[in-house]
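A.B. asks: Could you work out the structure for the sequence below:
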Amino acid sequence: MPFAIEVPVPIPIIGMAYRFPRGANSPKELWRMLTDGRSGWSEIPADCYTWRSLHHPNPDVEAAQVISTPGGMLVTSLSEVDAYKYIERVGKRRLSLACINCPSSITISGDKDALEERKTILKGESIMAKLLAVDVAYHLYHMKAVADQYLNSLRDLESSEARDDIQLFSSMTSELKTSGFGAEYWVQNPVSTVRFPDALIASCELASGSKATTRIFLEVGPHLALAGPAKQIIISGPNKVSHKYVTALVRGKNAYTTVNCSNSA
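C.D. replies: Numbering: from 1, shown residues only. Just a heads-up that it's a prediction; the model follows:
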């Protein structure tokens, strides 16, 4: 979840996952927790992951069968166009375009056996392909199996329109989003393709008419996970952007230290 900052324009947020650690229920509270040096660790509730929470009440729907299908995710060095070609060879019922990370990095989601088959084929063609250490096919029809459960868990979610000084660019729609942050929007996220490049470029284009200045991209996520993709997107984008990229979390370093370093960037 990187932030692109250009003064004096509003702060754009590019993509945001609806998941916070214990002690934080909003981006503002998360930031305060980081700057205060407080831990967000907590025990997982005993009733959080049970078969009852994952079982669809209607045995006739296809989702009930999908739940038991082993899934996974495969990151490749394919372009979006080429990735679709490999997906179509197997069928969109088994594989899906999960994430567009940058022009030369695509994550494919789907049935585990189909992914392993694609990995073997790609490796044979000297194309980078790596299975991620997950056993769930995120951003695919697999997630529709728990969509109703997820929607029900968010039934009390309160949302409002975006503030004037903060702009949120949805990595799902690739556009500036000012309203419609209710439960339905967040449920749609895990079953849709993540289009990070389009959202990042859109945030840069919005302020293209303002005074040229170096932008600071702050990633609130694990160890510069998006630094490489972001650099490639910015360089290949329609507008050249002078920038600096920093992260709130660095492997092996205290988060309090890295957050303060980000503040001084």
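A.B. asks: Residue 108 is in contact with residue 96, correct?
C.D. replies: Yes. At 7.2 Å, residue 96 counts as touching residue 108 under the criterion of C-beta atoms under 8 Å. Every residue, glycine included, has its C-beta placed from N, CA and C.
A.B. asks: Of these two, which one has the most company?
C.D. replies: When residue 96 is set against residue 108 and neighbours are counted by other C-beta atoms under 10 Å, the residue ahead is residue 108, at 29 against 19.
A.B. asks: name the element the closest residue to residue 227 other than its chain neighbours belongs to?
C.D. replies: Distances taken as C-beta to C-beta, 6 or more residues apart in numbering place residue 245 nearest to residue 227, at 5.3 Å, with adjacent residues excluded. Secondary structure from DSSP states H and E places residue 245 in strand 243-247.
A.B. asks: Would you mark the buried spots in that strand?
C.D. replies: By 16 or more other C-beta atoms under 10 Å, the buried positions in strand 243-247 come out as 243, 245, 246, 247.
A.B. asks: Return the closest of those residues with respect to residue 113.
C.D. replies: residue 247 (35.4 Å; C-beta to C-beta).
A.B. asks: follow-up on the earlier one: possible to save the buried residues of strand 243-247 as CSV with distance to residue 71 and pLDDT?
C.D. replies: Listed next are the buried residues of strand 243-247 as CSV, based on distance: C-beta to C-beta, whole Å; pLDDT from 0 to 100:
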residue, distance to residue 71, pLDDT
243, 36, 80
245, 32, 82
246, 34, 81
247, 29, 82
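A.B. asks: Quick one: those residues as CSV, columns for distance to residue 24 too.
C.D. replies: What follows is the buried residues of strand 243-247, written out as CSV (distance: C-beta to C-beta, whole Å):
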residue, distance to residue 24
243, 27
245, 24
246, 20
247, 18
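A.B. asks: Common neighbours of residue 96 and residue 108, please.
C.D. replies: By C-beta atoms under 8 Å, 6 or more residues apart in numbering, residue 96 and residue 108 have these common neighbours: residue 87.
A.B. asks: lowest-confidence helix or strand of the protein?
C.D. replies: helix 63-66 (a mean of 42; mean pLDDT, DSSP states H and E).
A.B. asks: can you give me the helices for the stretch 101-250 of the chain?
C.D. replies: Assigned by DSSP state H, counting those that start in this stretch, the stretch 101-250 of the chain shows helices spanning 112-124, 147-153, 183-188, 196-206, 227-236.
A.B. asks: Are there helices or strands packed against the helix or strand just after the least confident helix or strand of the chain, and which ones?
C.D. replies: Per DSSP H and E, the first helix or strand lying C-terminal to helix 63-66 is strand 71-76. Packing contacts for strand 71-76, counted by 3 or more C-beta pairs under 8 Å, 6 or more residues apart in numbering; DSSP states H and E, involve strand 105-111, helix 112-124, strand 129-131.
A.B. asks: average model confidence for strand 71-76?
C.D. replies: Throughout strand 71-76, pLDDT has a mean value of 93.
A.B. asks: so it versus strand 105-111, what angle?
C.D. replies: Counting by axes from the mean of the first three to the mean of the last three C-alpha atoms, to 10 degrees, strand 71-76 points 160 degrees away from the direction of strand 105-111.
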